[in-house]
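**Student:** any chance you can model this:
(chains A and B)
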Amino acid sequence: MTEAQPIERPVQELERVTIRFAGDSGDGMQLTGSQFTRTSAVYGNDISTFPDYPAEIRAPAGSLPGVSGFQLSFSSADIHTPGDAPDVLVAMNPAALKTNLAEVPAGAAIIVNSDAFTPQNLQKAAYASNPLTDGTLKGYAVFEVPITTLNARSAEGLGLTSKQVDLTKNFFTLGLVFWLYERDMTPTLRWIASKFAARPAIAEANGRALKAGYAFGETTEIFHTHYRVKPAHLAPGTYRNVTGNEATALGFLAASRLAGRELFYGSYPITPASDILHQLSGYKQFGVKTFQAEDEIAAIGAAIGASYGGGLGLTGTSGPGMALKSEAMNLAVMLELPLVIVDVQRAGPSTGMPTKTEQADLLQAMFGRNGESPIPIVAPATPSECFDYAIEAFRIALRSMTPVVYLSDAFLANGAEPWRVPDVADLPSIGRDTHTDPTGFAPYARDPKTLARPWAIPGTPGLEHRIGGLEKADGTGNVSYDPDNHDRMVRVRAEKIARIADDIPDLQVYGPAEGELLILGWGSTYGAIRSAVERLQAAGRPVSHAHLRHLNPLPRNTGDLLRSFRTVLLPEINLGQLALLLRARFLIDIRSYTAIRGKPFRISEIEEEAERLLAEARSGR
Amino acid sequence: MSDERPAGGVAELPVLTRKDFVSDQDPRWCPGCGDYSILAQTQKVMPDFGFPRENIVFISGIGCSGRLPYYMNTYGMHSIHGRAATIATGLKASRPDLMVWVITGDGDCLSIGGNHLLHSMRRNVDIKVVMFNNRIYGLTKGQVSPTSEFGKRTKSTPLGSVDHPISPLTVALAAEASFVARSVDTHTEHLQATLDAAGGHRGSVFVEVLQNCNIFNDGAWREFTERDVREDRMLVLEHGQPMIFGKDRDKGIRLRGLHPEVVALGDGVGEADLLVHDAHADDPYLALMLSRMMWPEYPVPVGVFRDVTRATHDQLLVEQIETARAGQGEGDLAKTLLAGETWTVTA
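**Tutor:** Numbering: from 1, shown residues only, chains lettered A, B, ... in the order given. Alright, predicted model coming up:
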C-alpha cells in the first residue's frame, strides 16, 4: 500500500448518481454492484438496482457476450428506477467498454482498467484500434487506472497465485468507487471476513484490495473531486435492502405463518426463478418443505399434492416452465385447490434470453390452457412489493379455493431497493379452515358469497370422497357428462374468479383522477412510469399514473377510471398484451407503447411518448 | 393439525371389512376386464394395514386403471396423464401420516409418466405404485404401449410395431425402488398376498400386475398365466426358498456363469444346486436377473423380487426440519424478515 499522504479534495454534493459496473462475467461485477448497493442502503440512500448479466456462466474471457453489468442508482431523494443512463461507467476490459458505451451519455465519467486494454483483449472486443487513444472516448471524462497492476501489489507476501490475486481486483475497483462517493468500507470488510472465514489468506487479500483501491483514490491526483450523496428522507422505520426474489421468498414464508399452514415449494431450477428455491430451502426451521423436482410438471404436481393434503402448495418457474405446467394448472382449476404458481418472466419465446426481462407471459397466464380456465393473476410492481403480493396470492388462493398466478419478472427478481420491514403483527390474516363436518357434506357445495368449495383434506373422518380432472356434477363432485351441468360448472368457475373483485382494492390514481392523460402500467414498469409522471407533473403537464397489481380479475373501478381520461397510455415490455385485454373488455382505444429489448423502460422514453400524445391531442387529432 | 395425528395406524380401530372400502359408484370397466379382480383384491386387503379409512388415499393417472379411485371408499384423486406419482410425492411429503397408493397403467406409468416413476423410486417416496400391465392402450381403443411386443399389429401399427418393449420391473429396480413385485390379475390369492406385502412396506413400492384386456388385447399373458399351464410356465418367488417350479415341482433355476438356467431336478441335480431367492439382498443383481426372465425362454417369475429398507423421502424431510429446529429453534418470522444488514430511519 502506498505511504503517500492523502490529498484534500473538494467535495461536490449530488442528489443522485447512477453507476454501472461492467466487466467479464468472471470479474465479479455482480458482487461489486451488490456490495455498493448494500453499503449505500445502510448509509441511508434510496437505491434502485439493475443487474444485467449473460446466461453463459463463463463465456470466453474478454469476449463481447461474456460482459456482465450491474447498474445502480443511489439518491438523497425518493427514486423509482436504477437510472436511465450511467453517470459513471466502470469498464474492466475493452469488451465491457464496447458493449456499454452507447448507453453512456457524453460528459459522463468512465473508469477503465487500463491493464486490460491489451492487443489481445482489443481484438476479442473487435476494436481495430485502442479506444483509449484513438479518440473514441472524446467527450467523456476518462480515468485510466492500471487496476490489475496496482492490485497485484496489495497482495504481495500472502503466498497466493497470480490467478487468485487477479480475482480480488473487483474489490480494488470497489474501494476506488467507495472513495469517490465517500462510502464506508466497514460493511464490505465485515462481509469479506464472514464470506471467506475459512480461507484467511483470501479474506486478507480481498480486504487489502478494497483498502488499496480506496487509498489509491485518496492519494492520487487522477480524481479532482469526490462526491457526496446525502441520505434520503425515507419514512421512519427499520429498513433492509431486498431484491424481488428475496422479497418473494419472504412473502411466501410469511403467508405460511399467517395461514398457519406448512409451505411446500416444488420447483425445477430455471433462470431467473432459482433463487426463490435456494432461499426457501434455508427455512427448514419454519417447517418449510422444498422439493427440487425432476421437471416442471413434477414440481407443480407435488405442490398440488401438498395442497390436497392441507398445506400451502407453491411452485415457481419462468415462462418456459409455466408452459410445461399448464396441464397441471388446469387440474388445480378443476380440483379447486389453493395453489400459487410463480412466473418470474424472462424474454421469450422459447428459451429466448433467459437472464433478460420481459412482460410477455400475461396472456399465457390468462389463457394458456385448454378449455375455459379462469385463474386469478397478481403482479407486484417493485422488488419490495413482491413480499406483499406473495401474501396476497395465497390470500386469494385460500379465499376462493383456486390456483393463482403470481407474475414477477427478471428486472424485479434481481433488482434491489430499500424495504421498510413490516411489523409481523400488522400483516393480514389469511387463514382458511378445512371442512370437518360430515353432515350433508358435498365436495363441490359452494360458499354462497365466494363460491369456494370446502377444503376437505385426507385424514378427516367421514369425508372420504374422490375428486379428479373429469367434469364434476354440481355439488356432489361426481363425474358428470350432463350437457347442462357442464355449462353451469363452466360459468360457476368463471363467476368464482370474477367475484374476487369484491375483495380487492380499487385502482388508485397518482395525480388528478380525471383529465387529459393517464399512464397505466402493470408489473416492473412502475418505476419508470412513476418517475416519468413525476417529471411531467413538475413540468405542469396534465398527466396521472395508475398501476394495476390485480390483473385478473381487475379492480371494479378500472373501466370507469380509464374512461375518465381523454387518452390512456399503456407502456408494456411486450407487444401490447394488457392493452389487448383492456380494449376487448372496455372498448377503450388504449394507446399501447412497447419496447421489447430485454431491458426495463427508460424514464425519458415514457416521458417523450407522453409529450407526443399530449401534443397530438393539442393539435386536435 | 397433521402434527397431532399418529403416523400410520391408530390403536383403537373399528374392525373394517372389504365392504367398508367399496364406494357408492358402480365400476364402469368392460365386462370381463382384469381390473375388476384387481379392484376386488385391493378392497379385500385394505383392512389388513390397520389404517383408518380416512388416512388412505388412492391417486391415479389416465387410462382404464385411472378409474379405480372412484370405486374405493377412501380419499382419492383421478389426476392427469402420467402425473399421479408427482401428486402422491407432494402429498406424502406434506402428510407423512397418510398411506398413499398410486394406481397406473403401462402407458400412464412407463410412457408419459416414465420420468416420474424413476424419480419417485430413487427418492424412496413411501408410495405404493400398482401398475396394471395389459400391454395396450385400452381407453384410447387399442394402440401399442411401451410393453407391447415388438412387431405387434394394432390400430396405430398396422404393419407391426417397430418399438422394442421395456421390462417394467427392470426399470423399477434400476431406479432403486425398495420394493418390487409382480402378480397376475386372475391369480387372486397370489395378488392379495402381493398387495398385502406391498402395503406393509415403507418406501417406494412398484407392483406390476399382469392384466388382461379382453377387448383390445385379449390373452395378453395367456401363454403362461392360464390355469392349465401356469405352474409349468411361471416361477413363484419366495424369500429364502430354492427356485423350484412345475406342476410336479420337478424343475428349477440354476446359475450358469452369469445366466439363469432351467434344469430338471433329479439325475444328479438337487435342490442344493438351485438358486435360493433373497428378496432382502442389499445389491439388486439377483432381482435384476429375475426381472429379465420371460416366457418362453424362462418361467415368468411372480412374487416379491426385492424388499429392502432405507430411509424414506418423507422421513428424511422431517429429519432435516427437526435438525434445523434443534439447532436454531423454531423459525422466528420477525427475525428472519430483519436478516442481514438493517438501518433505522427516525422521524
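**Student:** and stretch A:365-379, end to end?
**Tutor:** Terminal residues of stretch A:365-379 lie 11 Å apart, using CA to CA, to the nearest Å.
**Student:** that one and chain B, any residue contact?
**Tutor:** No: applying CB under 8 Å from any CB of the partner chain, one finds stretch A:365-379 out of contact with chain B, separated by at least 11.2 Å. No exception for glycine: its C-beta is placed from N, CA and C like everyone else's.
**Student:** can you list the residues that contact that stretch?
**Tutor:** Contacts to stretch A:365-379, defined as CB atoms under 8 Å, 6 or more residues apart in numbering or on different chains, come from residues A:322-323, A:326-327, A:329-330, A:333, A:343, A:362, A:389, A:392-393, A:396-397, A:400, A:402-408, A:490, A:493-494, A:496-498, A:500, A:522-523, A:548-553, A:581.
**Student:** intersect those residues with the contacts of chain B.
**Tutor:** Checking the contacts of stretch A:365-379 against chain B (CB under 8 Å from any CB), the matches are A:Glu327.
**Student:** pLDDT wise, what is residue 38 at?
**Tutor:** No chain specified, so I'll use chain A. Looking at A:Arg38, its pLDDT stands at 89.
**Student:** nope, chain B
**Tutor:** B:Ile38 is assigned a predicted lDDT (pLDDT) of 97.
**Student:** list the buried residues of the helix or strand hosting it.
**Tutor:** Secondary structure from DSSP states H and E places B:Ile38 in helix B:35-45. By 16 or more other CB atoms under 10 Å in any protein chain shown, the buried positions in helix B:35-45 come out as B:Asp35, B:Ser37, B:Ile38, B:Leu39, B:Ala40, B:Gln41, B:Thr42, B:Gln43, B:Lys44, B:Val45.
**Student:** turn these into CSV, including distance to chain A.
**Tutor:** As requested, the buried residues of helix B:35-45 are arranged in CSV below (distance: CB to the nearest CB, whole Å):
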residue, distance to chain A
B:Asp35, 16
B:Ser37, 21
B:Ile38, 17
B:Leu39, 14
B:Ala40, 18
B:Gln41, 19
B:Thr42, 14
B:Gln43, 13
B:Lys44, 18
B:Val45, 17
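**Student:** adding distance to B:Met72, write these out as a markdown table.
**Tutor:** Shown next, in a markdown table, are the buried residues of helix B:35-45 (distance: CB to CB, whole Å):
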| residue | distance to B:Met72 |
| --- | --- |
| B:Asp35 | 12 |
| B:Ser37 | 15 |
| B:Ile38 | 11 |
| B:Leu39 | 8 |
| B:Ala40 | 11 |
| B:Gln41 | 12 |
| B:Thr42 | 7 |
| B:Gln43 | 7 |
| B:Lys44 | 12 |
| B:Val45 | 12 |
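**Student:** how about these, which pair is most distant?
**Tutor:** Distance extremes for the buried residues of helix B:35-45: the farthest pair is B:Asp35 and B:Val45 at 15.9 Å, using CB to CB.
**Student:** what sits closest to whatever residue of the stretch 101-250 of chain B ends up closest to chain A if chain neighbours are left out?
**Tutor:** Proximity of the stretch 101-250 of chain B to chain A (CB to the nearest CB) peaks at B:His119, 4.0 Å away. Of all residues not flanking B:His119 in the chain, A:Glu294 sits nearest, at 4.0 Å (CB to CB, 6 or more residues apart in numbering or on different chains).
**Student:** so which of the buried residues of helix B:35-45 comes closest to A:Glu464?
**Tutor:** B:Gln43 (13.4 Å).
**Student:** what about the residue nearest to A:Leu362 when sequence neighbours are not counted, neighbour count?
**Tutor:** Nearest residue to A:Leu362, sequence neighbours excluded (CB to CB, 6+ apart): A:Gln577, at 4.3 Å. Look at A:Gln577: counted by other CB atoms under 10 Å in any protein chain shown, it has 23 neighbours.
**Student:** and the residue lying farthest from the centre of chain A, what pLDDT?
**Tutor:** Using CA atoms, centre = their mean, the residue of chain A lying farthest from its centre is A:Thr439. It sits 47.5 Å away. pLDDT for A:Thr439: 97.
**Student:** quick revisit: show me which of the contacts of stretch A:365-379 are buried.
**Tutor:** Buried, going by 16+ other CB under 10 Å: A:322-323, A:326-327, A:329-330, A:333, A:343, A:362, A:389, A:392-393, A:396-397, A:400, A:402-408, A:493, A:496-497, A:500, A:522-523, A:548-553, A:581, out of those.
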